[in-house]
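>>> Make a model of this:
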Amino acid sequence: MSTSRARVEDTYESQNDQRLDELHTKIRTLRGITTDIHDDVERQNLMLDETTDRFSAFGNTLTQASDRAARAFGIGEGQLKTFRIAMLFVAVFLTLWVGSKLYYWWSPAGTGAVAV
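Numbering: from 1, shown residues only. Below is the predicted model of the structure:
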């Protein structure tokens, strides 16, 4: 009876060892997965920080450009300089007029050019 009991205990002991090895393997795999997740989160945090820095730099550059444009056109604390605005409208009109003339001159007949 004691030999059969010893065999049963040995069987249980070997099953416990086998299950312990399986558990150890699963724990090792889980540790690897958590390490990979941690590394990925760190990379994403770094990328978010870099993106935040880039957007902040872009916002500063945009603010500076807006301030320079306001100073160039006299917009801001002082008065709006009407001469500069009028000259801007004249320049835009002339550019559009010359552009339309060049377009009709270069376009072949039948695509919008007026035949004479």
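
>>> gap between stretch 10-17 and the chain center?
55 Å (Cα atoms, centre = their mean, to the nearest Å).

>>> sorry, that was for stretch 83-96
With Cα atoms, centre = their mean, you get 37 Å for stretch 83-96.

>>> Report the rounded mean pLDDT for that stretch.
For stretch 83-96, mean pLDDT is 88.

>>> can you pull out the helices in this structure?
For the chain, the helices defined by DSSP state H cover 2-73, 82-106.

>>> Now the last one: buried residues?
Buried residues in helix 82-106, counted by 16 or more other Cβ atoms under 10 Å: none are found. The C-beta positions use only the backbone N, C-alpha and C, and glycine is treated the same way.

>>> sorry, back to before: for the helices of the chain, which has the smallest mean pLDDT value?
helix 82-106 (a mean of 87).

>>> From the chain's centroid, how far away is stretch 32-44?
Distance, centroid of stretch 32-44 to centroid of chain: 20 Å (Cα atoms, centre = their mean).

>>> How about residues contacting it?
For stretch 32-44, there are no external contacting residues (Cβ atoms under 8 Å, 6 or more residues apart in numbering).

>>> The spatially most central residue of the chain and A57, how far apart?
Central residue of the chain (Cα atoms, centre = their mean): T51, 6.8 Å from the mean position. Noted for T51: a distance of 11 Å to A57, by Cβ to Cβ, to the nearest Å.

>>> State the distance from D53 to N60.
11 Å.

>>> again with G99
35 Å.

>>> do the same with V41
Applying Cβ to Cβ, the value for V41 to N60 is 29 Å.

>>> likewise F73?
For F73, the distance to N60 - Cβ to Cβ - is 21 Å.

>>> Please identify which of the two sits among more neighbours.
Neighbour tally, F73 and N60, criterion other Cβ atoms under 10 Å: the higher count belongs to F73, 13 against 10.

>>> Isn't the more buried one up against R84?
Yes - the pair F73 / R84 is scored as a contact, 5.5 Å apart, by Cβ atoms under 8 Å.
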